[in-house]
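Asks: I would like to see how this sequence folds:
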Amino acid sequence: MNYIELQDYPLHWVYKRADMGITEADLATIKPMTSSFANQVWQRDISAEAIDLDRLEDSDWLSDNSHWPKTENWERAFDSEEQALPETLAGHLNWDPQTVVFVCYDAEHIIETRYGTLQRNWKAFLFAAEQALVLGRRRKEALWFIDESKVKLGQRD
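Replies: Below is the predicted model of the structure:
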């Protein structure tokens, strides 16, 4: 078993908040990984050694600034009434709505969803996170929400 039920996820309450407005159909696509499966994905796609985004090794691809040519401010969009992923970020990703997405918080906490769900509900995925890395399965584009106001737009190897 690679996933746990959303109601068993420690931060499930974020996705159930009425002000997030997540539909039942979208909730069905939000799949928290088990810690062991998350660790496998983390080691494969992010870092073989680091356990979170604050402790990356110099050899990890995320540590290479050449992968992150652009940084944007996302705080204003988060605080706005607009629910959709900001155009600058959506334009960078430019993925099909069915693309499998990994929202990575640390080596034991990764959520799999679909890009369409992320586009409509991006604020929920960042609500209780200090940092988050958004990767698409078999996609090079990435978003790294590095703090409460900045996001790096980049490409992985």
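Asks: which residues does the most centrally placed residue in the chain bridge with?
Replies: For the chain, the residue sitting closest to the mean C-alpha position, by C-alpha atoms, centre = their mean, is Val103 at 2.6 Å. Applying DSSP bridges to Val103 gives these bridge partners: Ile111, Val134.
Asks: Contact partners for it?
Replies: Ile110, Ile111, Glu112, Thr113, Leu118, Phe125, Ala132, Leu133, Val134 (C-beta atoms under 8 Å, 6 or more residues apart in numbering). (Glycine included, C-beta is placed from N, CA and C.)
Asks: swap in Thr88?
Replies: So Thr88 contacts Glu72, Leu153 (C-beta under 8 Å, 6+ apart).
Asks: Let me know the helix or strand that it is in.
Replies: Using DSSP states H and E, Thr88 sits within helix 87-93.
Asks: list the buried ones in that helix?
Replies: Within helix 87-93, the residues scored as buried using 16 or more other C-beta atoms under 10 Å are Leu89, Ala90, His92, Leu93.
Asks: thinking again about what came up before, which of the contacts of Val103 lies closest to Asn65?
Replies: Asn65 has its nearest neighbour among these in Leu133, at 15.4 Å by C-beta to C-beta.
Asks: Any idea how far stretch 136-147 is from the middle of the chain?
Replies: The chain centre lies 7 Å from the centre of stretch 136-147; the measure is C-alpha atoms, centre = their mean, to the nearest Å.
Asks: Check stretch 126-136 too.
Replies: 4 Å.
Asks: Please point out which parts of that stretch sit buried.
Replies: Leu126, Phe127, Ala129, Gln131, Ala132, Leu133, Val134, Leu135, Gly136.
Asks: Which residue is the nearest non-sequential neighbour of the fourth one?
Replies: Which is Gln131. Leaving aside its chain neighbours, Gln131 sits nearest to Leu53 (4.5 Å; criterion: C-beta to C-beta, 6 or more residues apart in numbering).
Asks: List the buried residues for the worst-scoring helix or strand of the chain on mean pLDDT?
Replies: One helix or strand of the chain scores below all others by mean pLDDT, DSSP states H and E: helix 75-79, with a mean of 90. The neighbour-count check on helix 75-79 (16+ other C-beta under 10 Å) flags Ala77, Phe78 as buried.
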